[in-house]
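K.L.:
Please find the sequence and the predicted model below.
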Amino acid sequence: MSIPFTSTSPLRVMCLGDSITAMFPTQNCREPLGTSLRSVGCNVDFVGAFPDTLLTMASCYSAIWGIPAMIVNPSYISSWMQQSTPDVVLMLLGINDIQIYAQAPDATIANLSSIIGKIRAVNPSVHIFLGKYPPLRPDLPDFAVLNNLIPGLAASLSTATSPIVLVDHGPNYNIAIGADTIDGIHPSASGLVKYANNWFNALVSQGLAAAAPVLSDVALNKPVNALPSTDQPIDIGSLSYIVNGGINDGLYWQRVATADQTFEIDLQGSYIISYFELNHFGSSLLPSVDVSSPLNTLAYQIQLSSDNNSWSTVANMTNNSLGRTAHIITPMVASYVRLIFKAPFYLNLIGLREFRVMAVPA
């Protein structure tokens, strides 16, 4: 039996900025933001010029430590946009124009305006979320002037086709070292979460993500069993790695096989399932979620059952080459999940880094 299902194209989000946006490849605001978006069933790809190596997700960004808007404008933004083609830009720029290059606030605003124009030249219907910094440099009066000009810039350039939404990162942000910053400027772990929450709430306000229900990965650390197949497969790595929560943890599973392979997960409870995410074997080997690889699963099916007897096909993928795929389905109550890899396989190899089943308790 099968039920209606959809596989929507991901929302392409580019994080554009300076060191506050870039932070570190292993720790930045994209991980808590991605977690929040996944928890409401939002299929999102973080795109950009540079790759992260986050534990739980593959992502990219367009940000450089120390860079000002006056350099992003003539030298980078057009190529970054053409490379990434985002639907959404989360933009936080301008502090380095003031604190490093001593630019006048009006000149920085002019560069931000020009950057927005170049963003729209590539995607006329892009959604732009324009960040206002926390009060990071109270010793620099021009920084406060710049920050106070940003809301007016957002309002003056916003259009129905390409809305610009102001995102104020100041409220409830403590700039003290050891609080929300590590040095008075760059965010600590708590600061990263606050930036992520502000971006998330802004996306929700524009209908680009739902506020609820809050889903969790109900396959996480649950038993995975391989059903008998017509060949004699050989495993490389533990099958448990595909439900351990990590993408870039160095743990992976592969199988040498020539026939279809079926794996069954006992969710150990009854859940209302609405979203699946697969991070294929090539997802952490490649510099971008857009890069294709024959190491990624070409064809597969996902099936659900409430009794481990009667099964419904809820997703059917063919001709895939991307490192991450996701499926949004009509919510369905189930206690068991089957993932069926369809032969043939490239070099007789299949592999998966993480399989997520997002749901709420039934």
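P.N.:
Perfect, thanks for sending it. Numbers count the residues shown, from 1 in each chain.
K.L.:
check contacts around residue 211.
P.N.:
40, 204 (CB atoms under 8 Å, 6 or more residues apart in numbering). Where you see a C-beta, it was placed from the backbone N, CA and C, and this is true even at glycine.
K.L.:
switch to 6 Å and redo it
P.N.:
By CB atoms under 6 Å, 6 or more residues apart in numbering, the contact list for residue 211 reads residue 204.
K.L.:
What distance do you get for it to residue 40?
P.N.:
Here residue 211 is placed at a distance of 7 Å from residue 40 (CB to CB, to the nearest Å).
K.L.:
What of residue 253?
P.N.:
Taken as CB to CB, the span from residue 253 to residue 40 is 28 Å.
K.L.:
quick one: which of the two has more around it?
P.N.:
Comparing residue 253 with residue 40 by other CB atoms under 10 Å, the one with more neighbours is residue 253, at 23 against 19.
K.L.:
Quickly list what that one is bridged to.
P.N.:
On the basis of DSSP bridges, residue 253 is bridged to residue 352.
K.L.:
Would you mind finding the longest strand in the protein?
P.N.:
strand 261-280 (DSSP state E).
K.L.:
and that strand, what other elements does it pack with?
P.N.:
Packing partners of strand 261-280 (3 or more CB pairs under 6 Å, 6 or more residues apart in numbering; DSSP states H and E): strand 224-226, strand 324-341, strand 349-361.
K.L.:
got JSON lines for those, with mean pLDDT too?
P.N.:
Shown next, in JSON lines, are the helices and strands packed on strand 261-280 (pLDDT from 0 to 100):
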{"stretch": "strand 224-226", "mean pLDDT": "96"}
{"stretch": "strand 324-341", "mean pLDDT": "96"}
{"stretch": "strand 349-361", "mean pLDDT": "95"}
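K.L.:
Count the neighbours of the residue nearest to residue 22 when sequence neighbours are not counted for me.
P.N.:
Excluding its sequence neighbours, the residue lying closest to residue 22 (CB to CB, 6 or more residues apart in numbering) is residue 63, at 3.8 Å. Residue 63: 26 surrounding residues under other CB under 10 Å.
K.L.:
Contacts only, for residue 63.
P.N.:
So residue 63 contacts 17, 21, 22 (CB under 6 Å, 6+ apart).
K.L.:
Residue 61 too?
P.N.:
15, 48, 50.
K.L.:
Contacts only, for the residue of the chain positioned farthest from its centre.
P.N.:
The C-alpha centroid of the chain is most remote from residue 230, which lies 37.5 Å away (CA atoms, centre = their mean). For residue 230, the contact set (CB under 6 Å, 6+ apart) comprises residue 259.
K.L.:
what do you get if the cut-off is 8 Å, keeping everything else the same?
P.N.:
259, 260.
K.L.:
next one: residue 191
P.N.:
With contact taken as CB under 8 Å, 6+ apart, residue 191 is in contact with 173, 179, 180, 181.
K.L.:
just residue 130 next, same as before
P.N.:
91, 112, 116, 150, 153, 154, 164, 165, 166, 167.
K.L.:
Compare these and tell me which has the most neighbours.
P.N.:
Neighbour max across these (other CB under 10 Å) = residue 91, 28 neighbours.
K.L.:
and that one, what are its bridge partners?
P.N.:
Here residue 91, judged by DSSP bridges, has bridge partners residue 16, residue 130.
K.L.:
quick one: it and residue 133 touch, right?
P.N.:
No - using CB atoms under 8 Å, residue 91 makes no contact with residue 133, being 11.6 Å away.
K.L.:
Out of the helices and strands packed on strand 261-280, which gets nearest to residue 293?
P.N.:
strand 349-361 (10.6 Å; CB to CB).
K.L.:
re the thing from before, whichever of the contacts of residue 61 end up buried, select them in ChimeraX.
P.N.:
Per 16 or more other CB atoms under 10 Å, the buried members of the contacts of residue 61 correspond to this ChimeraX selection:
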select :15,48
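K.L.:
which among the contacts of residue 61 gets closest to residue 26?
P.N.:
Residue 26 lies nearest to residue 50 out of the contacts of residue 61, by CB to CB, at 13.1 Å.
K.L.:
Who is the closest one paired with across the strands?
P.N.:
Counting by DSSP bridges, the residues bridging with residue 50 are residue 61.
K.L.:
So the closest residue to residue 26 other than its chain neighbours: helix, strand or coil?
P.N.:
Nearest residue to residue 26 in three dimensions, chain neighbours excluded: residue 53, at 5.6 Å (CB to CB, 6+ apart). Classification of residue 53 using DSSP: H, G, I helix; E, B strand; the rest coil returns coil.
K.L.:
tell me the contacts of the residue nearest to residue 326 when sequence neighbours are not counted?
P.N.:
Leaving aside its sequence neighbours, residue 326 sits nearest to residue 43 (CB to CB, 6+ apart; 4.2 Å). Listed by CB under 8 Å, 6+ apart, the contact set of residue 43 reads 8, 9, 10, 11, 275, 277, 326, 328.
K.L.:
Next one: residue 43 relative to residue 276, how far apart?
P.N.:
For residue 43, the distance to residue 276 - CB to CB - is 10 Å.
K.L.:
Mutual contacts of those two, please.
P.N.:
residue 326.
K.L.:
got a list of what residue 135 touches?
P.N.:
144, 147, 170, 175.
K.L.:
Compute the number of surrounding residues for residue 347.
P.N.:
Residue 347: 9 neighbours (other CB under 10 Å).
K.L.:
Sweet, I'm off.
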